[in-house]
Each structure stands twice: as structure tokens, then as C-alpha cells.
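# I need the structure of the sequence given here:
(one chain, ligands or ions: 1)
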Amino acid sequence: MEYKEEDYLQISGLQHFKFCRRQWALIHIENQWAESWRTTDGKIMHEKAHDASSKERRGDLLVTRDMPVFSRVLGISGACDVVEFRRSEAGVPLHGQEGLYQPFPVEYKRGSPRGDTSNALQLCAQAMCLEEMLCCGIPEGALYYGEPRRRETVKLTQELRQEVRDCLAEMHALYERGYTPRVKPTKACSACSLKELCLPRLLRGGSARDYVKARLEEL
Ligand code: SF4
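So this is what the prediction gives:
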């Protein structure tokens, strides 16, 4: 099965979905957005990654920034912060370039690693798009973290690829129904840029005790 272009979801939504299904639905189904220092800071960092010229050559390495990618099979589209194309006999031909090149996506993130697969999911989805577009295999990519400035290689395992497929299947089903799921508030809500929008609505049906508890957890 292939998705139509009008049904494509944003690749960046995978990290929201992994953080909280409700947050993803508020942003991507209800089009709610709240700026916070986290989202603003993240945006500035992405702008830096996207600022430089769109292509750069360093010897046998070609660096492409802000490359649009999509997958008909997964029903997603977005842009890769950086794709490095390394000259390699195992690679693929590129328009206007001599030789073969192996793609290696790099995603920029503010802050330090989160300790879950949310960032890796986004990177893996970008790689799966590139594989479909360029008819190649991409065994690994990298996440670049702003604090501390560090690059971490990520193996794009079958487990990670399956998690991408499972999340996207659920996201497409929710999107089609236009349904924003209710979830249990957690400590993570205090770091959520949508808490002011979400919690009053989420807790309206709950008890006063639950509401007070959630507010205290925010502090
Ligand atoms: S406030 Fe909590 S429940 Fe609501 S969207 Fe944010 S993380 Fe999810």
C-alpha cells in the first residue's frame, strides 16, 4: 500500500508522538502550537543547521543541508538537517557527480540525549525515506547534540525500523479519525510546551484531587 501525498504526515511528529501521543495530536491534528524556550531554542539550532549553503564538498565527502525527503510507503515527508554522502563502492550514483556515494543522515538536537528512542526514530524515518528515494540501504546515521556538542552514531536496526512503522501506523489511524487521545498526565507534562492548553481540557473530566496533583507535579 502507498499513501497519497495529501495524507503524508510530518516526520518531525514522530518525536512528539513518542514523547506524548496527545501532544502529537494537539500539534498535528488540532494545529495547536505553543512556543516555549525548548521549542524556540530547538528551532534556532535547526536554523543554524539549515543556514549554510545547501551543498558543500570536502574531498570525497558531499554535505547536503535541508534536503527534502518523503516516503510513499510510510506516508511521511520532511527534511533532513544534513545528509553526508561519502564516496564508496557500496554507494549509489548521484546526479552530476562521478562515482558512487553512501548516504549518512545527521539530525541536530538541542540538549543532551533523552534516554529514549524519540530522536533515533526521527533519524531512522529520514533514512527510510532516503532508502526509498535513492534505492539503497542505510545501516547507520548520527544525532548531533548541542549540549554537550557531541555526535552519536545510531545503528538503524530492524527493531528501530519496526518501531517507526508501528508508530506511523498508529499516527495515520488517529489522523484519519481526527482523534486526540486522552493520556495520563505524567511528570513529563511540566516540560511540555502545550501544558497550558492541554491540562485544563484533559483534567476537566477528572477529580479535583487529580487536578491539584497534576498542578503540584508541574512545580
Ligand atoms: S501536558 Fe502532558 S498530557 Fe498534555 S500534551 Fe503535554 S505531555 Fe501530553
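# So what pairs up with Arg58 in the strands?
With DSSP bridges applied, Arg58 shows beta-bridge pairing to Leu61.
# if I look at it, how far off is Glu84?
For Arg58, the distance to Glu84 equals 9 Å [Cβ to Cβ, to the nearest Å]. The C-beta positions use only the backbone N, C-alpha and C, and glycine is treated the same way.
# And the two? Which one has more around it.
Just comparing Arg58 and Glu84: by other Cβ atoms under 10 Å the higher neighbour count belongs to Glu84, 19 against 8.
# Ramachandran coordinates for the more buried one?
Backbone torsions of Glu84, given as degrees, to the nearest 10, read phi -90, psi 130.
# Do I have it right that it meets Gly59?
No: applying Cβ atoms under 8 Å as the test, Glu84 and Gly59 come out as separate, 11.8 Å apart.
# from the middle of its chain, how far away would stretch 186-193 be?
Distance of stretch 186-193 from the chain centroid (Cα atoms, centre = their mean, to the nearest Å) equals 19 Å.
# which SS state does the residue lying closest to Arg21 once chain neighbours are set aside fall under?
Nearest residue to Arg21, sequence neighbours excluded (Cβ to Cβ, 6 or more residues apart in numbering): Pro181, at 5.0 Å. Following DSSP: H, G, I helix; E, B strand; the rest coil, we place Pro181 in the coil state.
# Trp24 versus Pro181, what's the distance?
According to Cβ to Cβ, Pro181 stands 9 Å off from Trp24.
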